[in-house]
Structure formats: structure tokens, C-alpha cells
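Student: build me a model from this:
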Amino acid sequence: MSKQTLSFQAEVKQLLHLVTHSLYSNKEIFLRELISNASDACDKLRFEALDHAEFYEDAPNLDVRILVDKSARTLTIRDNGIGMSAQEAIDHLGTIAKSGTKDFMGRLSGDQQKDAQLIGQFGVGFYSGYIVADRITVESRRAGLKPEEGVRWSSEGTGDFEVDAITKPTRGTDIVLHLREGEDEFLSAWKVRSIVNKYSDHISLPILMQKEEWDAEKGEHVTLDTWDTVNQAAALWTRSKSDITQEQYDDFYKQISHDQDAPLAHTHNRVEGRSEYTQLLYVPAKAPYDLWNRDKKGGLKLYVKRVFIMDDAEALLPSYLRFVKGVVDSADLPLNVSREILQESRDVKAIREGCTKRVLSMLEDLAKHEDQAKRDQYAAFWTEFGSVLKEGIGEDFANRERLAKLFRFASTAVDDGATQSVSLADYVDRMKEGQEGIYVITADTVTAAKNSPQLELFKKKGIEVLLLTDRVDEWLLSHLHDFEGKPLHNVTKGAVDLGSLQDEAEKKQAEEAAEHLKPLLERLKTALSDRVKDVRVTTRLVDSPACLVTEDGEISGHLARLLKQAGQEAPEVKPVLELNPEHSLVKKLEASEHFDDLAHILVDQAVLAEGGQLEDAAAYVRRVNALLVTAAV
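Tutor: Purely as a prediction, here's the structure:
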């Protein structure tokens with residue numbers, strides 16, 4: 001290959017401008033990113049060498065080496081991992097796949113400290129070298145290629161980069177940073193060692209630096225030819241828990257998740273029995289930006305006997321726990337395990353069950369902890385991940401009861417109804433004597449739920465109702481039918497039945513009202529035959545004249561709206577119009593000369609009261625205006 005000068009992808013130019021002009025608040029992150037990339041390159045070599053042992057050549061021991069050259073003002077990060085071919089250098093260093101920079105730019109907050117943490121999250125860590133360097137030279141040779149098939153890539157981080165063929169006797173990659181003026185601190189071996197200890201101590205490969213000793217004659221430190229291991233050089237999860245500090249656990253989480261915040265909780269266990277494996281699992285404090293991205297691969301890092309296998313082993317946890325980060329290291333799986341084998345393996349099933357139970361145990365400990373601060377942590381977790389955890393009720397039958405105890409909802413019994421802090425167990429403990437079920441209502445917002453006409457009778461009698469306002473809640477109710485023997489009742493479905501909480505006098509009064517208003521009900525059914533399935537008297541209303549409900553077994557109006565908003569077809573279900581026989585409008589309705597208009601207005605107002613949209617808003621406005629004109633005469 002002859003020497004070539006090529007242009008960066010437009011997105012890379014944007015990123016380089018950002019790196020060289022903005023991300024100076026935490027310069028030392030460049031070393032963390034480059035060491036992480038070097039470690040990944042070694043992991044990839046281990047994986048590919050499972051089928052190609054010759055890739056190890058004559059250097060089976062993998063490591064990362066850091067070289068400081070004060071006279072040349074360079075800092076070199078060298079690995080003997082998988083390396084790159086010439087085309088891979090052009091593809092990987094000159095372009096960013098999947099518009100990574102566009103997403104990266106969109107996530108920037110203006111806080112340099114936090115923005116710098118995002119670099120690794122989008123797979124653009126290599127470019128962080130330009131924070132301290134005005135030129136970067138990369139020399140690499142892919143394992144399996146001949147020495148003369150090496151490549152040199154070089155750029156000042158502006159618009160172009162150069163690529164040239166070289167002879168490189170050893171496989172792997174050297175990244176040489178030509179430090180810009182003012183970055184002398186990174187020529188200090190002591191400074192570099194401290195950065196490695198801070199960010200990369202958990203890297204399972206040895207990170208080596210040349211030893212230094214004081215030369216009294218020269219009055220300075222001189223570099224020796226011997227190498228010293230700077231980090232622990234043992235995979236964090238393989239070490240005893242008693243030897244690991246909380247800070248080390250947190251640093252490892254930040255490295256594997258590219259999250260700037262410490263995790264909410266973690267669990268570290270060695271499991272023995274039918275399957276033998278080690279798990280180190282973390283629950284994040286904040287939801288990732290792509291939690292709801294269906295194309296985003298999630299899962300744990302999978303190792304087999306400390307050999308890296310894959311980054312996103314989805315089979316190790318159920319989908320509703322996709323926010324969990326961590327590592328599983330199995331002693332039983334074959335080294336050549338594939339995604340297909342993962343789906344079918346009994347050992348993987350045992351690991352999946354074990355990891356799921358551990359995560360749920362972590363959450364249970366936070367939720368019921370005696371320490372209020374821990375319970376506050378669970379409340380914060382629920383705000384971030386509650387909607388995802390609810391998916392488990394339909395996916396994980398074995399853990400349905402455990403999951404149901406972890407759920408939290410807003411409630412009419414809590415002054416701040418926007419706070420999802422009430423558990424089903426809390427509700428059951430507060431149930432009135434004689435109350436047989438748990439009452440819930442679904443709506444788009446807490447405010448809409450609290451002000452729904454369907455709750456008027458419940459408020460009057462002081463009966464607590466849970467307010468379900470997540471989009472997943474309608475689906476949740478189709479799977480969660482009861483809790484501790486108490487059935488869940490959606491108050492927007494079916495005729496209201498409070499059982500023994502409603503006295504005989506009220507029931508008798510409702511029956512008499514239904515008989516008395518029978519002619520009116522029949523007339524309304526005729527006038528509204530194209531809009532409602534039935535018209536009946538109800539006791540659920542106190543202040544409102546009417547409301548809409550659906551029959552048991554049919555989809556609710558709220559679910560129908562959600563389906564339409566999602567672009568899906570919703571089955572046509574006519575609601576039931578329920579009337580408040582004590583309301584003055586209902587009493588005057590039959591004698592009104594505007595009967596048909598009032599009948600339609602009642603339905604339209606009931607739709608609006610439950611947060612729906614009118615199919616013919618103009619007709620509603622015309623009817624109301626006509627009545628206003630009549631009233632004003």
C-alpha cells in the first residue's frame with residue numbers, strides 16, 4: 001500500500017473540534033479511554049484465538065504497556081492484542097459507525113465534567129487523545145497478517161489523516177501521543193501511574209511501565225529497561241469481596257457502563273452447585289438515554305474461565321432487567337459459546353435464574369430497608385426504572401409475587417399524588433373493613449386520574465384508589481389480577497360494586513332511580529345509539545352528571561387511545577354512559593326542548609373528563625354555543 005492522505009468523515013471533524021476546544025475540565029480521561037481500548041483489543045484476540053491459536057504467534061502473554069519519552073515529548077500506549085489491518089485503520093479511525101457523533105452531540109449538557117464522561121459511551125474514546133496531543137500516530141498490525149502488512153496512521157486532528165504501509169514485527173497497536181505544549185504533567189511517570197491507579201486498576205490485564213530510579217549525578221530520574229506492573233492485574237470479580245473497596249467497585253462500574261454516576265447498588269457472588277459462576281451485577285442510579293431504544297443491544301459482559309466472550313449477552317437476564325450492568329464469569333460454558341447456544345443451554349438458564357433472583361434481592365433490600373436513606377434510594381430507582389420493571393409481570397411468571405411487592409403507584413391517599421410511593425402491601429394494610437378488592441384507575445396523568453368523575457363515590461366514602469399513569473399500566477392490569485388474594489378492580493370498567501361498603505339504602509335508592517328514569521334511559525339509548533352501547537343509572541357519581549365506562553373484558557377507553565397514539569388499530573368498543581340521577585341537569589334533561597343536543601353534550605363532556613379527544617369537536621362547540629345563546633335570551 002502506498003502512502004495515502006484521506007479526509008475524515010464530517011462527523012469526526014465535528015467531534016475533533018469539540019474535543020480540542022471544549023473538553024478540558026478532566027483531561028486525564030484520555031488515558032482511561034485508550035487503556036480501555038487496548039484491553040478490549042486483547043480480549044478480542046483471546047476470543048478469535050479460540051479458533052486460531054496461531055494468532056498468539058510467539059507472544060501468548062497479553063499486556064498493555066505505557067511508555068513515557070520526555071525528550072520526544074510522547075506518551076505511547078501499546079498493546080499486543082488483535083491489532084488492525086490497513087483498511088480497518090481507515091474504517092475505525094476515520095469514520096464513526098451509526099452516526100455516533102450525532103447522538104453524542106445531542107447528549108451534551110454544557111457541563112464539561114459530565115460531557116467528558118460521554119466519550120466512551122459512544123465508542124469514540126480514541127479521539128479523546130486530542131485533548132492533550134496535537135498529533136497522534138498509530139502503528140498496528142492485525143494478528144494473522146505478515147510483518148510487512150503493518151500500517152501507520154497519523155493525523156493532527158484537523159481535516160485529514162495519512163495512512164502508510166510499514167513493517168511491524170509484532171502484532172497489536174501502538175498509539176503515540178505527541179503532547180502539545182503545556183501538557184508536561186503527562187510526561188511524569190508518577191502522574192501517569194496515579195491516573196492508571198485511579199481509573200484502570202481493575203483492568204484484568206497487567207498494565208506495565210518502565211521502572212525509574214534517581215540518578216544523583218544527573219540530578220533526575222532515569223528510565224530502566226525493566227518493567228513494573230502498575231495495576232492489580234486481576235479481574236475485579238475474581239478477587240475476594242473483602243479485598244475490594246467501594247470506590248473500586250464504583251470505578252469498575254463506571255468503566256463498563258460509561259456512566260459518570262456511581263451505581264445505586266451492587267451484588268458480588270460466587271455461585272456453586274449445578275452451575276459454577278461468578279456474578280458482579282450493578283443497578284444504575286440513572287436510566288441510560290437509550291433505555292427504550294429497541295435496536296440497542298443490552299445484556300451483561302460474559303466471560304468463560306476469565307476469557308472474554310461477548311459484551312451484550314442478553315440471555316443472562318430477562319428483558320425487564322435490561323438496565324442492569326455487570327459481568328458473569330462461567331466455569332461451565334464452552335469457550336466457543338455462541339448466542340444460539342446461550343438461548344438453549346441449561347447452564348445459561350441456571351445463570352439467568354440466579355442473576356434475576358440476585359437483582360430482585362438487591363431491590364427488595366432497598367425497598368424494605370430500615371434506613372430511610374435506603375428507601376429513598378429505592379424511590380429514586382422506581383422513578384427511573386419502574387416502568388421497565390413492570391414489564392416483568394408478564395414475562396417472569398416465577399417471580400410475579402416478588403415483582404408485585406416491588407411495584408409503586410400514586411394514590412388518592414397520598415397528598416402529593418404525583419409521587420409513586422404506595423405499594424400494594426401498603427394499600428392492603430389500609431383497606432377498609434369489609435373491602436374486598438384493590439381499586440385502581442388508569443389515566444394519562446396523575447391529575448387526570450385524581451379528577452376523574454369515576455372517583456367521586458370513592459372520595460365521598462374515603463376509599464383509596466391507586467392512580468396508574470404509566471403507558472405500561474394497561475398491559476400490567478391484563479397480567480396482574482390480584483395481590484395476596486385481593487382482586488384488582490379498574491373503576492373505569494363495569495358497574496360500580498362496593499359490596500358491603502355500600503349500604504342497603506343506597507342500593508335501594510339506585511334501583512328506584514333506575515326504575516323512575518327508565519323512559520329517559522330508553523330515549524337516550526335511541527338518541528345515542530351510534531355512540532354508546534348502553535345508558536344506565538349509577539351511584540359512582542356525586543358531582544358530575546355523567547361518565548363513560550366499559551364493560552368487564554373489553555378494552556378501556558384509555559387503552560384504546562394509547563393504541564391509536566402508537567399507530568395501532570384499536571377494536572371499536574362502544575362505552576356505557578352512566579348517569580347521576582341526583583344531578584340537576586339529568587333531572588331537567590327529559591323536559592328540555594334541546595334533548596338531542598344535551599344528550600350528545602353529556603357524552604362529549606364525559607369523553608373530555610377522562611382525558612379523551614372528541615371525534616367531532618366542531619359539533620360539540622356548535623351545540624354548546626346554541627345552548628348558550630338560548631340561555632342568554
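Student: that's a helix at residue 460, yeah?
Tutor: Yes - judged by DSSP: H, G, I helix; E, B strand; the rest coil, residue 460 forms part of a helix.
Student: so it touches residue 540, yeah?
Tutor: No - look at residue 460 against residue 540 with C-beta atoms under 8 Å: they stay out of range, at 9.7 Å. (C-beta placed from N, C-alpha, C; glycine too.)
Student: so for the two, which sits in the more crowded spot?
Tutor: residue 540 (23 against 12; other C-beta atoms under 10 Å).
Student: quick one, phi psi at that one?
Tutor: With angles defined as degrees, to the nearest 10, residue 540 sits at phi -70, psi -20.
Student: and it, what does it touch?
Tutor: Neighbouring residues of residue 540 by C-beta atoms under 8 Å, 6 or more residues apart in numbering: 453-454, 456-458, 491, 496, 547, 578.
Student: repeat that for 10 Å
Tutor: Contacts for residue 540 (C-beta atoms under 10 Å, 6 or more residues apart in numbering) come out as 453-458, 460, 491-492, 495-498, 510, 547, 549, 578, 580.
Student: ok, what's across the strand from residue 329?
Tutor: Using DSSP bridges, the beta-bridge partners of residue 329 come out as residue 278, residue 303.
Student: could you measure from it over to residue 608?
Tutor: Using C-beta to C-beta, to the nearest Å, we find residue 329 at a distance of 57 Å from residue 608.
Student: which one's more surrounded, those two?
Tutor: Between residue 329 and residue 608, counted using other C-beta under 10 Å, the more crowded position is residue 329 (23 against 13).
Student: can you give me how far the longest helix along the chain is from the chain middle?
Tutor: Assignment by DSSP state H gives helix 346-367 as the longest helix of the chain. Helix 346-367 sits 18 Å away from the centroid of its parent chain (C-alpha atoms, centre = their mean, to the nearest Å).
Student: what residues sit buried inside it?
Tutor: Neighbour-count burial for helix 346-367 flags 347-348, 350-352, 354-356, 358-360, 362-363, 366-367 (criterion: 16 or more other C-beta atoms under 10 Å).
Student: now do stretch 169-186
Tutor: Judged by neighbour count using 16+ other C-beta under 10 Å, the buried positions of stretch 169-186 are 171-179, 183, 186.
Student: in these, find the pair that's most separated.
Tutor: Farthest pair in the buried residues of stretch 169-186 (C-beta to C-beta) is 171 and 183. Separation: 29.7 Å.
Student: against residue 71, how distant is residue 34?
Tutor: Residue 34 sits 22 Å away from residue 71, going by C-beta to C-beta.
Student: do residue 511 as well
Tutor: 100 Å.
Student: without its sequence neighbours, what residue ends up closest to residue 606?
Tutor: residue 548 (4.5 Å; C-beta to C-beta, 6 or more residues apart in numbering).
Student: isn't the one you found right up against residue 611?
Tutor: No - using C-beta atoms under 10 Å, residue 548 is not in contact with residue 611, being 11.2 Å away.
Student: the lowest-mean-pLDDT helix or strand in the chain: what's the following helix or strand?
Tutor: When the helices and strands of the chain are scored by mean pLDDT, DSSP states H and E, helix 112-117 comes last with a mean of 52. Once the chain leaves helix 112-117, the next helix or strand it forms, by DSSP states H and E, is strand 133-141.
Student: what is that following strand packed up against?
Tutor: helix 29-48, strand 74-79, helix 86-94, strand 150-155, strand 160-166, strand 172-179 (3 or more C-beta pairs under 10 Å, 6 or more residues apart in numbering; DSSP states H and E).
Student: return the backbone torsion pair for the residue positioned nearest the centre of the chain.
Tutor: Centroid-nearest residue in the chain: residue 291, 3.2 Å away (criterion: C-alpha atoms, centre = their mean). Residue 291 adopts backbone torsions of phi -60, psi -40, taken as degrees, to the nearest 10.
Student: how far away is it from residue 339?
Tutor: According to C-beta to C-beta, residue 291 and residue 339 sit 22 Å apart.
Student: same check, this time on residue 569
Tutor: Using C-beta to C-beta, residue 569 is found at 34 Å from residue 339.
Student: okay, how far is it across stretch 511-531, tip to tip?
Tutor: 25 Å (C-alpha to C-alpha, to the nearest Å).
Student: what comes up buried for that stretch?
Tutor: Buried-residue list, stretch 511-531, by 16+ other C-beta under 10 Å: 513, 517, 520-521, 523-525, 527-528, 531.
Student: mind checking how far stretch 424-439 is from the chain centre?
Tutor: The answer for stretch 424-439 is 32 Å, by C-alpha atoms, centre = their mean.
Student: okay, how far is it across that stretch, tip to tip?
Tutor: Terminal residues of stretch 424-439 lie 11 Å apart, using C-alpha to C-alpha.
Student: residues contacting residue 274?
Tutor: By C-beta under 10 Å, 6+ apart, residue 274 lies in contact with 332, 346-347, 349-350, 354.
Student: is it in a helix, a strand, or coil?
Tutor: Secondary structure, three-state DSSP: residue 274 is coil.
Student: what about it, distance to residue 402?
Tutor: For residue 274, the distance to residue 402 (C-beta to C-beta) stands at 21 Å.
Student: got it, and residue 590?
Tutor: Using C-beta to C-beta, one obtains 55 Å as the distance from residue 590 to residue 402.
Student: wait, isn't residue 453 in contact with residue 577?
Tutor: No - the criterion here is C-beta under 10 Å, and residue 453 misses it with residue 577 at 11.7 Å.
Student: could you give the number of residues near the spatially closest residue to residue 490 that is not a sequence neighbour?
Tutor: Nearest residue to residue 490, sequence neighbours excluded (C-beta to C-beta, 6+ apart): residue 440, at 5.7 Å. Look at residue 440: counted by other C-beta under 10 Å, it has 23 neighbours.
Student: cool, thanks, signing off.
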